[in-house]
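need a 3D model of the sequence below.
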Amino acid sequence: MDFADFKRKIFHQFGINLDGYKEKQLKRRIDSLMLTLQVQGYEAYLRLLQNDLRERNRFLDRITINVSEFFRNPEIFGVLERQVLPDLLRQRARLKIWSAACSNGAEPYSVAIILDEITPGRLHRIDATDVDDNILEVARRGRYDQTALKNVTHERMARYFQQDNGQYQLREEIRRRVSFRHHDLLTQEYESGYDVILCRNVTIYFTADAQGRMYRQFFQALNPGGVLFIGATESILNYRELGYSKIAPWFYQKGA
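Below you'll find the predicted structure:
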């Protein structure tokens, strides 16, 4: 079985589309897993994934790169807090926000904290999705170690987290403001009507074709005037062609 056959089998059996990922990076990660497990060949590895739930979860975790932290790149998050969200809130009282490929939940919870501070007592809709069901369970628990909280101020730590056994539990009032669900950006339809979409440090793992499809689908999912927020390692070179305007580095707005 060659690598192309392996990818097809993974899609048919587990519904995970690997064709949109950059092949060299993807193959390197999978080959590293196989080497660690001392598995010879893709056919043998596929059988292992079929029969061993733990290894299947490990495989998915490696493929999806579950790394996130609160207020990642705080100087960029500051633009969201001081410019983007206030501008949108001047136009509408309640926002609909999507954190795509949300990983451990730190990103959508960061947005929930900001909105709690700038619109106290007002409820907004925050959807958070990921392809990895295991990491979604981690996100729902809202329990983090210190490394995920390095950008959280002392004031926010005191207000929104409770320390417990060396970890930090996010308060329930913030956790219940985020709705988590499974979603595959490469294969499933996108919901619409969003004012902000965050998809950060994700598309760098996808092919140029997959990136283009995603950015077009994000555009369709945004309300007029809505904003797409991408990662510090990413850029949309053809944003004008797609219909966006660039309102700040890493922030792209759909025309009103």
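
for the closest residue in space to I230 that isn't next to it in sequence, give me its contacts.
In this structure, I230 finds its nearest non-sequential neighbour in W250, 5.3 Å apart by Cβ to Cβ, 6 or more residues apart in numbering. The C-beta positions use only the backbone N, C-alpha and C, and glycine is treated the same way. Counting by Cβ atoms under 8 Å, 6 or more residues apart in numbering, W250 makes contact with 76, 79, 229-232, 234-235.

do Q146 as well
Y168 are the contacts of Q146 under Cβ under 8 Å, 6+ apart.

nearest residue to the middle of this structure?
A centroid search over the chain (Cα atoms, centre = their mean) returns A101, at 2.4 Å, as the residue closest to the centre.

quick one, helices of the chain?
For the chain, helices defined by DSSP state H occupy the ranges 3-14, 23-37, 42-51, 53-64, 74-79, 85-89, 106-118, 133-141, 154-160, 172-175, 208-221, 239-242.

which of those helices sits most buried?
With neighbours defined as mean count of other Cβ atoms under 10 Å, those peak in mean count at helix 106-118, which reaches a mean of 22.

alpha carbons of that helix, in CSV - could you do that?
Listed next in CSV are the C-alpha coordinates belonging to helix 106-118 (Å, rounded to 0.1, in the frame of the first residue of the first chain):
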residue,chain,number,x,y,z
ALA,A,106,-8.4,28.6,24.6
GLU,A,107,-9.2,30.7,21.5
PRO,A,108,-13.0,30.9,21.8
TYR,A,109,-12.8,31.3,25.6
SER,A,110,-10.4,34.2,25.0
VAL,A,111,-13.1,35.8,22.9
ALA,A,112,-15.8,35.1,25.5
ILE,A,113,-13.6,36.8,28.2
ILE,A,114,-13.1,39.9,26.0
LEU,A,115,-16.9,40.1,25.3
ASP,A,116,-17.7,39.7,28.9
GLU,A,117,-15.5,42.7,29.7
ILE,A,118,-16.6,45.0,26.9
